[in-house]
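In: need a structure here:
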Amino acid sequence: MKTRCQWACKTEHEKHYHDTEWGVPLHDDQLLFEFLILEGVQAGLSWSTVLAKRDNYRVAFNNFAPRVVANYSESKIEDLLQNPGIIRNKLKVRAAVTNAKAFLKVVEEFGSFDTYIWAFVNYKPIVNTWKTWKEIPATTPISEAMSKDLKKRGFKFVGPTICYAHMQATGMVNDHVVDCFRYHEV
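Out: Predicted coordinates:
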């Protein structure tokens, strides 16, 4: 039996996500955009709920292609708000479109979102040595700085907690507890 981070033991979605993706350094712009949107969707909800709907999100949001999402019409937004396969929160759906537009501006300025976002950690993952899940913070000074800069650039649903969750998901920080089998793998 593998020892996992405590949060990843409830559902098969969580186990699979934890065991294959969470904390792995990610440098693909489209996947970085996907996580940015999904982390924002999670606000006020459980990650398990979002993971269960992830495949539906990929279909509904054109596999998170930023250029496509940035050009969604009001009609498309209304269709999304009727889609039972996703979380039909008007602010979050509209934020995805707003964030796609802001994302493209960042890409234009920096050459890639990857270059921009990884600069917050000096292009190298932060490796923590947490012994228990309770030690892991919800925010850090880096996630606060990231949040502030993203908001300045027009992004929505990018508070410090969401930014820290994004950092964890995309491997900018290794927050697997030290006895988790994934700690040394990532």
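In: only C-alpha atoms for contact and neighbour calcs from this point on.
Out: Noted.
In: next helix or strand past the helix or strand where Ala52 lies?
Out: Using DSSP states H and E, Ala52 sits within helix 47-60. Next helix or strand after helix 47-60 toward the C-terminus (DSSP H and E): helix 66-70.
In: what residues does that next one touch?
Out: Gln30, Phe33, Phe61, Asn62, Ala96, Val97, Thr98, Asn99, Ala100, Lys101, Phe103, Leu104 (C-alpha atoms under 8 Å, 6 or more residues apart in numbering).
In: also stretch 118-138?
Out: 5-7, 25, 115, 142, 146, 161, 164-165, 171-179.
In: what subset of the contacts of helix 66-70 is buried?
Out: For the contacts of helix 66-70, a neighbour count by 16 or more other C-alpha atoms under 10 Å gives the buried set as Gln30, Phe33, Phe61, Ala96, Val97, Thr98, Asn99, Ala100, Lys101, Phe103, Leu104.
In: where exactly do the helices run in this protein?
Out: Here the chain has its helices, by DSSP state H, at 12-20, 29-42, 47-60, 66-70, 74-81, 90-110, 113-118, 141-152, 160-169.
In: who are the packing partners of the last one?
Out: Packed against helix 160-169 by the contact rule (3 or more C-alpha pairs under 8 Å, 6 or more residues apart in numbering; DSSP states H and E) you find helix 29-42, helix 141-152.
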